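Undergrad: sharing a sequence plus its predicted fold:
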Amino acid sequence: MFALISRILNLSGRYKSRIQAAFLCAFVESILSKMPIFMAFIVLAGFADNTLTGKTCLFVGLGLLAVVVVQTVVHYLSDRLQSAAGFMIFADKRMELGNHLRKMPMGYFTSGNIGKISSVLSTDMVFIEEVSMSTIGNMMSYMLSTLVLAVFMFVLDWRLGLIAVIITLLASLVAKYMNKVSFKEAVGRQNQSENLTDAVLSFAEGIGVIKSYNLLGEKSDELTENFKKSRDVNTKFEQKMTPWTTGLNILYGVGIAAIFGLSVFLHQEGVLSLAYLLGVLLFVFDLFGPLKALYGEATRLTVMNAALDRIEAVLDEPELPDNGNQHILSQAQPDQPEVQFSDVGFAYQDKEVLHNISFSMQKNTMTALVGPSGGGKSTIANLLARLWDVKSGKVTIRGTDIRDIPLAELMEQISMVFQRVYLFQDTIYNNISMGKPDATEEEVYEAAKKARCYDFIMALPDGFQTVIGEGGATLSGGEKQRISIARCILKDAPIVILDEATASVDTDNESYIQEAINELVKGKTLLVIAHRLNTIRQADQILVISDGRISEQGTHDELMAKAGIYQDFVNIRKKASGWSLA
Ligand SMILES: Nc1ncnc2c1ncn2[C@@H]1O[C@H](COP(=O)(O)OP(=O)(O)OP(=O)(O)O)[C@@H](O)[C@H]1O
């Protein structure tokens, strides 16, 4: 328990003194909350000894008033200091996590991790930031209160103090095992919470497909199954905890009965005065209250510990190193290619997917990657943009290894047009201008014109100020694609990576998109994952990628003359509607 408390306190960093002050206030408040019983003890003791005077009553009355005032002040202070500290610490932690996620390779953001990231950023962070400080504050004050009450029992009679200490030690032993069980179960509970987040996200994202394939029943059942599992995991947790909490309650009951019985016996034996007996009677029912509350909070602490484990697991995921300090030459040396892959190998975890990939791209030329699905085309394109790092060999731009170039500088050199377009929930203007944040209005409009989207944007009621996304304007897939191309045109990076669309859009849209792409790639070095025969024919070089290797390389005419895999693909492509047979 102490290890857990110190683990959370270690996070406090620059807010340490604020938290210490908050805990001090919480402790003072908890001591003050016992003062009315203490005052009652003074009055009853005076009454029993026949020494009660008006002065004592006045003193007790004023004392109670002062206690109420001070208690209100420290309660206010501890609340303010604690909750603000929790939010401040975890606001910093969230930023650290956000910063870390930004630097992680794209490979991490596979669907299996999306649920984990959402769960860490929302459920775990929110839980810890809302309850951690108050939980620790309460626990500390309960511990100190238990100590103060036990000392008071010793003051009344050492035998009573001894019983209080024995019960406290036994309770902490029981609580230790209870925490172990709670901790074990907390891991399972959180894993199920992640599974549930995953299931809900994938259901919400795939609702279109689910409906169109009439899978609503099946997928709803899967989701319901997940809800049931969560219910079962939580019920099991409560069931496992009940014997322990009951055991603790019995122990407290036995302790109270023993102290009560012994104090009456000691009074009858003439060892304990009536005043002290009254004192015991006043305190005994409250004696184990703080201890009870302490172990109630301990369960929350184990949940927090599991949440911290998950936050730290995400923070421990390796980042893509960004310590390069070389700059890309503005012009390649004579005879130096713009882009060069030299003996590149790559694996997703242990699965090797690229072997000995070597090719070069000359400035302002088009290289087309073609080949069967799963061959490795997208992986090659992603390695050029350094979405992952090569496992062996190297990728250079104008002679410089891309790992030696600061990521921000590398990104300035490359534009990527994906099949799956992502537009932010923002105005069309801002969605385009993020390609070049310091662009003038004229430059944004010019890019929109080149990307063939100016006219349809101006036809919208709010024009470029139209907000896209949920609650905003809905655009067709082709329109979104053109806006994303406008963004790239504005960025004007010298190297363009294009994943050519396989999905069929209507003929109008297709020709507009083609025109937009033609504008984008003018005077650029282009790497295209090509699916259309027209595009492939125009390429300066074609790389046929299959099983992670370059199996053929050349121009369309050269490869057609070879009667190899490329020729087969072209023939099939002519018959079928898509190059990619997946
Ligand atoms: N994130 C990933 N994690 C693990 N394996 C992956 C991942 N992405 C791709 N792969 C695997 O790597 C291999 C190459 O995939 P890649 O997407 O590069 O092929 P591709 O030629 O672009 O295929 P397609 O034409 O279908 O897009 C495949 O076996 C694929 O299953």
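TA: Cool, the structure landed.

Undergrad: for residue 345, what are phi and psi?
TA: Main-chain torsions, residue 345, degrees, to the nearest 10: phi -130, psi 150.

Undergrad: next one: it from residue 20, what distance?
TA: 54 Å (C-beta to C-beta, to the nearest Å). C-beta here means a position set from N, CA and C on the backbone, and glycine is covered the same way.

Undergrad: what of residue 292?
TA: The value you get for residue 292 to residue 20, if C-beta to C-beta is used, is 26 Å.

Undergrad: okay, now the domains of this structure?
TA: Residue ranges for the domains of the chain, per automatic domain parsing: 2-316, 339-575.

Undergrad: dump these to CSV, plus distance to the ligand, mean pLDDT and mean neighbour count.
TA: Formatted as CSV, those follow (distance: least, C-beta to the nearest ligand atom, whole Å; pLDDT from 0 to 100; neighbours: other C-beta atoms under 10 Å):
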stretch, distance to the ligand, mean pLDDT, mean neighbour count
domain 2-316, 5, 82, 16
domain 339-575, 3, 87, 18
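
Undergrad: quick one: closest of the ones you listed to residue 323.
TA: Of all those, domain 339-575 sits nearest to residue 323, with 8.5 Å by C-beta to C-beta.

Undergrad: quick one: end-to-end distance for stretch 394-407.
TA: Start-to-end span of stretch 394-407 (C-alpha to C-alpha, to the nearest Å) is 16 Å.

Undergrad: show residues contacting that stretch.
TA: The contact list for stretch 394-407, computed with C-beta atoms under 8 Å, 6 or more residues apart in numbering, reads 320-322, 324-329, 331-333, 336, 338-344, 383-384, 386, 389, 410, 413, 495.

Undergrad: which helices and strands sit right next to the longest helix seen in the chain?
TA: Longest helix in the chain, counting residues (DSSP state H): helix 216-268. Judged by 3 or more C-beta pairs under 8 Å, 6 or more residues apart in numbering; DSSP states H and E, helix 216-268 is in contact with helix 158-205, helix 274-287, helix 289-316.

Undergrad: quick one: that helix to chain centroid distance?
TA: 31 Å (C-alpha atoms, centre = their mean, to the nearest Å).

Undergrad: hey, where'd the strands end up in the stretch 351-500 of the chain?
TA: 351-361, 366-370, 392-397, 400-401, 414-417, 495-499 (DSSP state E, counting those that start in this stretch).

Undergrad: so which of the ones you listed is nearest residue 314?
TA: Nearest of those (C-beta to C-beta): strand 351-361, 22.8 Å.

Undergrad: counting contacts, what elements does the closest one pack onto?
TA: strand 339-348, helix 377-384, strand 392-397, strand 541-546, strand 549-554.

Undergrad: contacts for the longest one, please.
TA: Looking back up the chat, that one is strand 339-348. With C-beta under 8 Å, 6+ apart, strand 339-348 has contacts from 107, 352-361, 379-380, 383-384, 388, 390-397, 399, 495, 525, 527.

Undergrad: so what are the sheet partners of that strand and their directions?
TA: strand 351-361 (antiparallel), strand 392-397 (antiparallel) (DSSP bridges).

Undergrad: for the longest one, give me every contacting residue.
TA: So the one you mean is strand 351-361. 337-347, 367, 376, 379-380, 383, 391, 393, 525, 527, 541, 543, 548-550, 553.

Undergrad: can you check stretch 538-554 too?
TA: Residues contacting stretch 538-554 (C-beta under 8 Å, 6+ apart): 352-359, 361-362, 365-372, 375-377, 380, 528, 530, 536, 555-556, 559, 562, 564-566, 569.

Undergrad: now with 6 Å?
TA: The contact list for stretch 538-554, computed with C-beta atoms under 6 Å, 6 or more residues apart in numbering, reads 353-355, 359, 365-372, 375-377, 559, 564-566.

Undergrad: and the spatially closest residue to residue 148 that is not a sequence neighbour, which helix or strand is it part of?
TA: The shortest distance from residue 148 to any non-neighbouring residue, by C-beta to C-beta, 6 or more residues apart in numbering, is to residue 31 (6.4 Å). Element membership of residue 31, judged by DSSP states H and E, is helix 16-32.

Undergrad: that helix to helix 289-316, inter-axis angle?
TA: In terms of direction (axes from the mean of the first three to the mean of the last three C-alpha atoms, to 10 degrees), helix 16-32 departs from helix 289-316 by 160 degrees.

Undergrad: contact partners for residue 288?
TA: Counted by C-beta under 6 Å, 6+ apart, residue 288 has contacts residue 252.

Undergrad: for residue 294, see how far away it is.
TA: Taking C-beta to C-beta, one finds residue 288 at 10 Å from residue 294.

Undergrad: residue 328 now?
TA: Distance from residue 328 to residue 294, by C-beta to C-beta: 60 Å.

Undergrad: how about residue 150?
TA: Taking C-beta to C-beta, one finds residue 150 at 13 Å from residue 294.

Undergrad: over to residue 340?
TA: 65 Å.

Undergrad: find the nearest non-adjacent residue to residue 123, please.
TA: residue 193 (6.0 Å).

Undergrad: just the helices in the stretch 451-582 of the chain please.
TA: 454-458, 477-491, 507-521, 533-538, 556-562, 565-575 (DSSP state H, counting those that start in this stretch).

Undergrad: so which of those gets nearest residue 97?
TA: Nearest of the helices of the stretch 451-582 of the chain (C-beta to C-beta): helix 477-491, 27.2 Å.

Undergrad: how far off centre is that closest one?
TA: Distance, centroid of helix 477-491 to centroid of chain: 30 Å (C-alpha atoms, centre = their mean).

Undergrad: for it, name the packing helices and strands.
TA: strand 414-417, helix 428-433, helix 441-450, helix 507-521 (3 or more C-beta pairs under 6 Å, 6 or more residues apart in numbering; DSSP states H and E).

Undergrad: who wins for proximity to residue 217 among the ones you listed?
TA: Across the helices and strands packed on helix 477-491, closest to residue 217 is helix 507-521 (C-beta to C-beta), at 34.2 Å.

Undergrad: what comes into contact with the closest one?
TA: 450-452, 478, 481-482, 485, 488-489, 496.

Undergrad: let's have those residues in JSON lines, adding distance to residue 79.
TA: Converted to JSON lines, the contacts of helix 507-521 look like this (distance: C-beta to C-beta, whole Å):
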{"residue": "450", "distance to residue 79": "58"}
{"residue": "451", "distance to residue 79": "55"}
{"residue": "452", "distance to residue 79": "59"}
{"residue": "478", "distance to residue 79": "55"}
{"residue": "481", "distance to residue 79": "53"}
{"residue": "482", "distance to residue 79": "54"}
{"residue": "485", "distance to residue 79": "54"}
{"residue": "488", "distance to residue 79": "52"}
{"residue": "489", "distance to residue 79": "55"}
{"residue": "496", "distance to residue 79": "56"}
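
Undergrad: quick check, nearest of those residues to residue 418?
TA: Once C-beta to C-beta is applied, the member of the contacts of helix 507-521 that ends up nearest residue 418 is residue 481, at 9.4 Å.

Undergrad: hang on, the earlier thing: please name whichever of the helices of the stretch 451-582 of the chain is nearest to residue 425.
TA: Taking the helices of the stretch 451-582 of the chain one by one with C-beta to C-beta, helix 477-491 is closest: 12.6 Å.

Undergrad: who touches the closest one?
TA: Outside helix 477-491, the residues touching it (C-beta under 6 Å, 6+ apart) are 415, 417, 421, 423, 431-432, 435-436, 439, 447-448, 450-453, 456, 505, 509, 513, 516, 520.
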